[in-house]
Structure formats: C-alpha cells, structure tokens
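Q: model this:
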Amino acid sequence: MTEAKRQQNAPIWHEIDGLRHQTVGQLKAKYREVFSAESRSNHKQFLVRRIAWRLQANAEGHLSERARQRALALAQEAELRIRAPESFLKELSGATGKWRSFRYQERVYRSLSEKPSSRSKTVRELMLMV
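A: So this is what the prediction gives:
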C-alpha cells in the first residue's frame, strides 16, 4: 500500500481500531449501519471482525471483477451436497434399532439406538463407512 493511500485511509483504520472498545450494543448498531441488516450474533469478536472487514472493503475496494468471475466459476464447479448419498440412505434404512426421543435445551431430538441384528449393520458402522 502506498503512503498516499495509507494517509487517505487513516480515518478508517482509527475507526476499526476503536471498534474493540465498543460494547456489544454499540457494535450491533454499527453492524446495522454498515450492513443495512440486523446481526444475529452477540459475539463481540465476531462483530468487530465483520464490521472491520466491511469498513476495509468499502475503503479499499471490493474484489476485482476477475476475482469475482473466478470465484463464481469455482462455486459452479463445486459438487454441493444437500442430501446424504443415496447409498448411505439405503444402508441406513436397513439399520435396526429403536428410535428414541430426548429433550435438550427446549428442543426434541431423535436418535437410532445401536442394537444390531445379525443381518444388518449398526448406525455406528454405517457412519464409519462414509
């Protein structure tokens, strides 16, 4: 970074440095200001980093068009998995055991017990196969 650019962005760097001394409430207000959206996080370090990143990006510029195009190409090439592989689901459907429900922090969860039968694999064995 050239000295001229560094001098030009000095107020931004002072603002970024000052973020560490703000309260979570102040950081959430700043987040709302720079992102035009509410933050779902109350984690101070996360808020400081996200706000600092946006301030820096606004001051120094975003990704170049070439970098954007490359990122888009990589994202389109990536094999995104929304569901488990079909082979895993078929194996899992053959697993034996008993579904059990339990409550944790106001939510209900279900799990399949690991009681194996002589003809099928346990859930644990199926998980290790993936």
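
Q: hey, let's count contacts and neighbours off CA atoms from now on
A: OK.

Q: need the next SSE after the longest helix seen in the chain, C-terminal direction.
A: Scanning the chain for the longest helix, with DSSP state H as the assignment, gives helix 44-60. As assigned by DSSP states H and E, the chain's next helix or strand after helix 44-60 is helix 65-77.

Q: May I see the buried residues of the longest helix of the chain?
A: 44, 47-48, 51-52, 54-56 (16 or more other Cα atoms under 10 Å).

Q: So Arg103 lies in a helix, does it not?
A: No. If the criterion is DSSP: H, G, I helix; E, B strand; the rest coil, then Arg103 is strand and not within a helix.

Q: Surely it and Ser111 touch.
A: No. Assessed by Cα atoms under 8 Å, Arg103 is found out of contact with Ser111, at 11.3 Å.

Q: In terms of residue numbering, what are the domains of this protein?
A: The record's domain parsing of the chain by automatic domain parsing lists 3-76, 86-129.

Q: ranking those by mean pLDDT, which is last?
A: If you rank the domains of the chain by mean pLDDT, domain 86-129 sits at the bottom with a mean of 64.

Q: residues in contact with Leu27?
A: Neighbouring residues of Leu27 by Cα atoms under 8 Å, 6 or more residues apart in numbering: 19, 44, 47-48.

Q: so which of those residues comes closest to Ala78?
A: If you rank the contacts of Leu27 by distance to Ala78 using Cα to Cα, Leu47 comes first, at 29.3 Å.

Q: distance of that closest one from Glu38?
A: Applying Cα to Cα, to the nearest Å, the value for Leu47 to Glu38 is 11 Å.

Q: which residues do these two both contact?
A: 28, 31.

Q: The residue nearest to Leu55 when sequence neighbours are not counted - how many residues pack around it?
A: Residue nearest to Leu55 in three dimensions, not counting chain neighbours: Ile12, with 6.9 Å by Cα to Cα, 6 or more residues apart in numbering. Using other Cα atoms under 10 Å, Ile12 has 18 other residues around it.
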